[in-house]
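K.L.:
sequence first, predicted model second:
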There are 2 protein chains.
Amino acid sequence: MDIETPAALIDETRMAANIARLQKRMTELGVRLRPHVKTSKCIEVARRQQEAGARGITVSTLKEAEQFFAAGFADILYAVCISPDKLDRALALCRQGCALTLLVDSVAAAQAVVAKGHPFEVMIEIDSDGHRSGVQPEDAVLIEIGRVLHEGGAKLKGVLTHAGSSYDLNTPEALRQLAEQERHLSVRAAERLRAAGLPCPEVSVGSTPTALSAQSLDGVTEVRAGVYVFFDLVMANVGVCTPENVALSVLTTVIGHQPEKGWVIVDAGWMAMSRDRGTQRQKIDYGYGIVCDASGRAIEGLLVGAANQEHGIVSRRDGAADGSLIDRFPIGTKLRVLPNHACATGAQYPDYHLVTAAGATEVWPRFHGW
Amino acid sequence: MDIETPAALIDETRMAANIARLQKRMTELGVRLRPHVKTSKCIEVARRQQEAGARGITVSTLKEAEQFFAAGFADILYAVCISPDKLDRALALCRQGCALTLLVDSVAAAQAVVAKGHPFEVMIEIDSDGHRSGVQPEDAVLIEIGRVLHEGGAKLKGVLTHAGSSYDLNTPEALRQLAEQERHLSVRAAERLRAAGLPCPEVSVGSTPTALSAQSLDGVTEVRAGVYVFFDLVMANVGVCTPENVALSVLTTVIGHQPEKGWVIVDAGWMAMSRDRGTQRQKIDYGYGIVCDASGRAIEGLLVGAANQEHGIVSRRDGAADGSLIDRFPIGTKLRVLPNHACATGAQYPDYHLVTAAGATEVWPRFHGW
């Protein structure tokens, strides 16, 4: 493979299977899938998701909204509570024709939104698992925010929740329970708004683990998920994929050895893998990633066990100093590394290299920053 | 401060003091300072270092070499052992007039270098602390590599070491000892090469902690250091700076609250701070960073304790749920966060905002990728 290392590779076959898997599930459960493009920040990846049946996208920054809108994506949900000083930038997108939906979880933010005098489409964030943001579904403030928006001239579009604590689980039963909790509490919040005479057409839920675990999505209109498009080792530990499903890998080159220690030094350090050590607290700690051969087949028992900025140290997972690695992986050998967290690893690269089943490659740009 | 958040700020006054501090020390010890620009990847930052007396730069990637050469930096040391397939790219730089020095730590890499038929300037990496790469100073392979280079037509420029294990220390005495070990072992390797009749004019050592701790640099010709230009919380724990010296911070905006938990939600998540949790294993764990007011003054007892991709959770370091934070930091409040690791945090941004003592700002681009 004639690609300078380190490089971020997308295995097209695996990605297509990942996209098809969640899309099929969502179609069966009767909901729209609105993929979170914060994972890839790549127009081409998002196009594949739309072609498979996804409708609209979810973004985590206004830069994502602007970049995707410029590429023809008009239905965009900005799923982070907006800070008042970002409203002008959001308004500029709306005025260009973008169907942008904003998110709030406080009266103060709702007031700031309506103060702009533009009929923004807005959702209210619900806290369904104590994980981060959102209002409690039974809290009086939910209705108060709804009234501020509706009476202030905004279009109250619905409620949204993200059960991000799903990343901390690792059994199908616990995941099913959390998915049901995410569904139940967001539907309950929607019912409260409607009972108060407020509009609430949409109920948006999701995280990759709950999206893949939900048994029913009654009352839900759309599901958001991001990392499923690539998957990663954190998701493998959660139990919603296997390492063989991981579509993103880092191509690297052997640049040195420490024979006594059984270390193989590669040019994928933490800058190439990201500093994400998300598997550290999970059932299997994969260090900075699982080492595979150049074709993507995992090499039993080998990890990137440690990393500096531009150096990765490949060694045996069991810590044994294996001198035979030096002969097996001479200087110049190409390897691939499966990452802990696809969102973090992808963010280190200006572009991806798509690798087709036939071995051809294509460069797909991605962006970074805010 | 009218800057969209999150944003990476450089405090000009602090940076100037950091630059002056190490430069003064190196001048007193009679060695050249060759700053490692992998920390900033920013032309303007490197210019400040040169203006203060630094000579040449150190890079960790060929992209850094190309970008800095294009901006007029001609004396460049690529301080990662070169993989053979990167030699053509290195050669292209040399042919454009770049005084590029390469690094090797194996016979195989040395052979690949001379096989190109170009009189590359090359250094040999020495392992002075068992940390990562390099040959043992007493190993016969050192002389063998030297001969392959010298007899093959390369210009054997000297030896280089990086005592990166200095990041794991936290007492002045241990740092002084490691600095002396770094000096002693690299000088010893140089003496062995010279005794074997090989040229070895340069002895290059360095890491920020050892550079600031060395009592003598006899026999050393140049010192490399990177993170000293900004410093960070890892370096504060190592003991070579205080949080008040940290010149890089992330400007962020309050976007929400969880009153019962005493959480203030900000728009600096791990994408803005990086996933680097380098203080986790140190004497003080700073979470994802120390929270400061908008002017950069630390707010006693507040950390970014947890982070998702675009959400940071500000809370008390002692874990107490402090409801008063909600009133102190309403939605829209600007805060700054000091990072664990400046190299990793900077890498998340397309540019820095330089903040002068007078409060004016200037945008300084930085680059990423390989």
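P.N.:
Now that the structure is in, tell me what you want to look at.
K.L.:
what residues are bridge-paired with A:V264?
P.N.:
Counting by DSSP bridges, A:V264 is bridged to A:H257, A:V314.
K.L.:
how close does A:P350 get to chain B?
P.N.:
4 Å (C-beta to the nearest C-beta, to the nearest Å). Glycine gets a C-beta too; all of them are placed from N, C-alpha and C.
K.L.:
kindly apply the preceding question to A:V240 instead.
P.N.:
18 Å.
K.L.:
that residue and A:T210 touch, don't they?
P.N.:
No - between A:V240 and A:T210 there is no contact under C-beta atoms under 8 Å: 9.4 Å.
K.L.:
got the residues of the stretch 201-350 of chain A near chain B?
P.N.:
Counting by C-beta under 8 Å from any C-beta of the partner chain, the residues of the stretch 201-350 of chain A lying close to chain B are A:253-258, A:265, A:267, A:270-272, A:274-277, A:308-311, A:313, A:330-332, A:341, A:343-344, A:347-350.
K.L.:
and the residue of the stretch 101-250 of chain A nearest chain B?
P.N.:
Chain B sits closest to A:A108 of the stretch 101-250 of chain A, with a gap of 4.5 Å, by C-beta to the nearest C-beta.
K.L.:
tell me what the helix or strand encompassing that residue is packed against?
P.N.:
Taking DSSP states H and E as the definition, A:A108 sits inside helix A:107-115. With contacts taken as 3 or more C-beta pairs under 8 Å, 6 or more residues apart in numbering or on different chains; DSSP states H and E, helix A:107-115 sits against strand A:99-104, helix A:140-151.
K.L.:
what segments of the stretch 1-150 of chain A are strands?
P.N.:
Here the stretch 1-150 of chain A has its strands, by DSSP state E, counting those that start in this stretch, at A:7-11, A:32-33, A:57-59, A:75-78, A:99-104, A:121-126.
K.L.:
turn those into TSV, including distance to chain B, mean neighbour count and mean pLDDT.
P.N.:
Listed next are those as TSV, based on distance: least, C-beta to the nearest C-beta, whole Å; neighbours: other C-beta atoms under 10 Å in any protein chain shown; pLDDT from 0 to 100:
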stretch	distance to chain B	mean neighbour count	mean pLDDT
strand A:7-11	8	24	98
strand A:32-33	19	22	98
strand A:57-59	10	25	98
strand A:75-78	10	21	98
strand A:99-104	9	22	98
strand A:121-126	8	25	98
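K.L.:
how about the ones you listed in JSON lines, adding distance to B:H118?
P.N.:
Formatted as JSON lines, those follow (distance: least, C-beta to C-beta, whole Å):
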{"stretch": "strand A:7-11", "distance to B:H118": "25"}
{"stretch": "strand A:32-33", "distance to B:H118": "54"}
{"stretch": "strand A:57-59", "distance to B:H118": "48"}
{"stretch": "strand A:75-78", "distance to B:H118": "51"}
{"stretch": "strand A:99-104", "distance to B:H118": "55"}
{"stretch": "strand A:121-126", "distance to B:H118": "60"}
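K.L.:
residues near A:A154, how many?
P.N.:
21 (other C-beta atoms under 10 Å in any protein chain shown).
K.L.:
thinking again about what came up before, restricted to helices, list the residues of the stretch 201-350 of chain A next to chain B.
P.N.:
Among these, the members falling in helices (DSSP state H) are A:270-272, A:343-344.
K.L.:
which one of these is nearest A:L156?
P.N.:
Distance to A:L156, by C-beta to C-beta, is smallest for A:C343 among those, at 30.0 Å.
K.L.:
which parts of the stretch 201-350 of chain A are strands?
P.N.:
Along the stretch 201-350 of chain A, counting by DSSP E, counting those that start in this stretch, strands occupy A:202-205, A:222-223, A:248-258, A:263-266, A:290-293, A:298-307, A:312-316, A:334-338.
K.L.:
I figured A:L302 hits A:V291, correct?
P.N.:
Yes - using C-beta under 8 Å, A:L302 is in contact with A:V291, at 4.0 Å.
K.L.:
more neighbours, those two?
P.N.:
Higher neighbour count among A:L302 and A:V291: A:V291, with 31 against 24, using other C-beta under 10 Å.
K.L.:
distance to A:F68 and mean pLDDT for the strands of the stretch 201-350 of chain A - can I get that in a markdown table?
P.N.:
Listed next are these as a markdown table, based on distance: least, C-beta to C-beta, whole Å; pLDDT from 0 to 100:
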| stretch | distance to A:F68 | mean pLDDT |
| --- | --- | --- |
| strand A:202-205 | 18 | 98 |
| strand A:222-223 | 17 | 98 |
| strand A:248-258 | 19 | 98 |
| strand A:263-266 | 34 | 98 |
| strand A:290-293 | 31 | 98 |
| strand A:298-307 | 32 | 97 |
| strand A:312-316 | 32 | 97 |
| strand A:334-338 | 27 | 98 |
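K.L.:
including distance to B:C200, could those go into JSON lines?
P.N.:
Listed next are the strands of the stretch 201-350 of chain A as JSON lines, based on distance: least, C-beta to C-beta, whole Å:
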{"stretch": "strand A:202-205", "distance to B:C200": "65"}
{"stretch": "strand A:222-223", "distance to B:C200": "64"}
{"stretch": "strand A:248-258", "distance to B:C200": "20"}
{"stretch": "strand A:263-266", "distance to B:C200": "23"}
{"stretch": "strand A:290-293", "distance to B:C200": "36"}
{"stretch": "strand A:298-307", "distance to B:C200": "30"}
{"stretch": "strand A:312-316", "distance to B:C200": "28"}
{"stretch": "strand A:334-338", "distance to B:C200": "33"}
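K.L.:
B:G134: which of those is closest?
P.N.:
strand A:248-258 (8.4 Å).
K.L.:
show me how far the closest one is from its chain's centre.
P.N.:
With C-alpha atoms, centre = their mean, to the nearest Å as the basis, strand A:248-258 stands 25 Å off its chain's centre.
K.L.:
dump the C-alpha coordinates for the helix holding A:A108 into CSV.
P.N.:
Extracted C-alpha coordinates of helix A:107-115, given in CSV (Å, rounded to 0.1, in the frame of the first residue of the first chain):
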residue,chain,number,x,y,z
VAL,A,107,-34.6,29.2,30.5
ALA,A,108,-31.7,31.5,30.0
ALA,A,109,-30.7,29.9,26.7
ALA,A,110,-34.3,29.8,25.5
GLN,A,111,-34.7,33.5,26.2
ALA,A,112,-31.5,34.3,24.3
VAL,A,113,-32.8,32.3,21.3
VAL,A,114,-36.2,34.1,21.2
ALA,A,115,-34.5,37.4,21.8
